[in-house]
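1. A predicted structure for the sequence below; I have some questions about it.
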Amino acid sequence: MDAVSVVAAPRAETVARDALVRDLGRMAYEPVWRAMQAFTDARTEDTPDELWLVEHDPVFTLGQAGKPEHVLMPGDIPVIHVDRGGQVTYHGPGQIVAYPLLDLKRLKVGVREYVDRIEQAVIDTLGDWNITAARRDGAPGVYVNEAKVAALGIRVRRGCTFHGLAFNIAMDLEPFRRINPCGYAGLQVTSMLDLGGPSSLEAVKPRLLEHLAVQFGLRLQPGSPALPTTLP
């Protein structure tokens with residue numbers, strides 16, 4: 001196994017920028033994915049950043065270079081091939097999925113640093129409940145006692161990010177046994193609830209948003225709890 005270590009990501013040094021938060025509730029995966037693509041393709045250098053939170057219906061997603069053999073027994077859960085990095089993961093009820101739609105050029109943040117800062121926001125969120133978490137070299141995500149509690153799969157287009165983070169809060173973990181999570185056979189998966197944390201997504205969301213805002217130097221503004229109907 002790769003060595004596990006905790007490294008604090010540097011905080012953003014840029015002047016705070018406004019970012020719109022959309023809490024979409026529970027939605028199917030594909031409409032949100034297509035909306036992210038459309039938003040990213042249409043945005044300009046003046047488009048404000050956004051953070052989308054969503055709880056997806058059950059779905060397996062396979063990254064653009066993902067190997068189908070890592071999908072073992074999907075059963076009645078659909079498998080969607082998508083344009084993010086990484087292998088296969090599961091989204092379902094009880095999981096916070098966060099999609100940062102950020103202009104990294106404007107924030108002066110590189111891709112590796114972007115990943116580090118997302119991981120640090122999750123580590124800090126877990127720390128709010130006295131859960132000690134870590135990142136693992138060569139395997140993006142956040143881990144507690146060798147078990148993965150949050151997965152990352154990102155895409156950067158023209159310096160702007162989409163896709164993002166899946167954070168297990170209080171969910172049925174059985175579907176993870178139908179895949180090799182993130183391409184690792186036998187990888188253990190856990191949730192905040194199993195680690196002694198809260199069972200409510202609503203308890204975790206504001207803490208996660210706060211830590212993401214700190215990491216990226218954002219002033220969060222409430223937005224519509226729906227996908228955008230007009231593009232930037």
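-> Thanks, I have the structure now. Numbers count the residues shown, from 1 in each chain.
2. make it CA atoms for all contacts and neighbour counts henceforth
-> Fine.
3. Does Gln221 touch Arg22 like I think?
-> No - proximity of Gln221 to Arg22 does not meet the contact threshold set by C-alpha atoms under 8 Å, at 9.1 Å.
4. who has more neighbours, these two?
-> With neighbours defined as other C-alpha atoms under 10 Å, Gln221 and Arg22 compare such that Arg22 has more, 21 against 12.
5. export the strand or helix carrying the more buried one as PDB, just CAs?
-> Using DSSP states H and E, Arg22 maps to strand 17-27. C-alpha atoms of strand 17-27 as PDB (Å, rounded to 0.1, in the frame of the first residue of the first chain):
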ATOM      1  CA  ARG A  17     -13.800  36.400  -5.000                       C
ATOM      2  CA  ASP A  18     -17.500  35.800  -5.000                       C
ATOM      3  CA  ALA A  19     -18.800  32.300  -5.800                       C
ATOM      4  CA  LEU A  20     -22.400  31.200  -6.200                       C
ATOM      5  CA  VAL A  21     -23.500  28.100  -4.300                       C
ATOM      6  CA  ARG A  22     -26.200  25.900  -5.700                       C
ATOM      7  CA  ASP A  23     -27.600  23.200  -3.400                       C
ATOM      8  CA  LEU A  24     -29.400  21.000  -5.900                       C
ATOM      9  CA  GLY A  25     -30.800  18.400  -3.600                       C
ATOM     10  CA  ARG A  26     -31.200  14.900  -5.000                       C
ATOM     11  CA  MET A  27     -30.900  14.600  -8.800                       C
END
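6. ok, that strand: who's next to it in the sheet?
-> Applying DSSP bridges, strand 17-27 is found paired with strand 49-56 (parallel), strand 218-222 (parallel).
7. Show me what Leu20 is bridged to.
-> Glu50, Gln221.
8. any idea how far Val97 is from it?
-> 16 Å (C-alpha to C-alpha, to the nearest Å).
9. These two: who's more crowded?
-> A direct count of neighbours by other C-alpha under 10 Å for Leu20 and Val97 places Val97 higher, at 23 against 18.
10. What sits closest to the more buried one if chain neighbours are left out?
-> Counting by C-alpha to C-alpha, 6 or more residues apart in numbering, Val97 lies nearest to Ala166, which is 4.4 Å off, once chain neighbours are set aside.
11. next one: Asp194
-> Closest to Asp194 by C-alpha to C-alpha, 6+ apart is Ala170, at 7.7 Å.
12. That neighbour reaches Gly196, doesn't it?
-> No - at 10.4 Å, Ala170 does not count as touching Gly196 under the criterion of C-alpha under 8 Å.
13. Counting neighbours, go ahead and name the busier of the two.
-> Ala170 (21 against 11).
14. For this protein, just list every one of the strands.
-> 4-5, 17-27, 49-56, 59-62, 79-81, 88-91, 95-101, 134-136, 139-144, 147-157, 160-168, 218-222 (DSSP state E).
15. May I see those strands organised as CSV, with distance to Arg43 and mean pLDDT added?
-> As requested, the strands of the chain are arranged in CSV below (distance: least, C-alpha to C-alpha, whole Å; pLDDT from 0 to 100):
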stretch, distance to Arg43, mean pLDDT
strand 4-5, 36, 26
strand 17-27, 14, 97
strand 49-56, 9, 98
strand 59-62, 25, 97
strand 79-81, 24, 97
strand 88-91, 27, 97
strand 95-101, 10, 98
strand 134-136, 32, 93
strand 139-144, 27, 94
strand 147-157, 11, 97
strand 160-168, 9, 98
strand 218-222, 18, 97
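16. any chance of those in a markdown table, plus distance to Ala38?
-> Shown next, in a markdown table, are the strands of the chain (distance: least, C-alpha to C-alpha, whole Å):
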| stretch | distance to Ala38 |
| --- | --- |
| strand 4-5 | 37 |
| strand 17-27 | 16 |
| strand 49-56 | 13 |
| strand 59-62 | 19 |
| strand 79-81 | 17 |
| strand 88-91 | 21 |
| strand 95-101 | 11 |
| strand 134-136 | 31 |
| strand 139-144 | 26 |
| strand 147-157 | 12 |
| strand 160-168 | 10 |
| strand 218-222 | 21 |
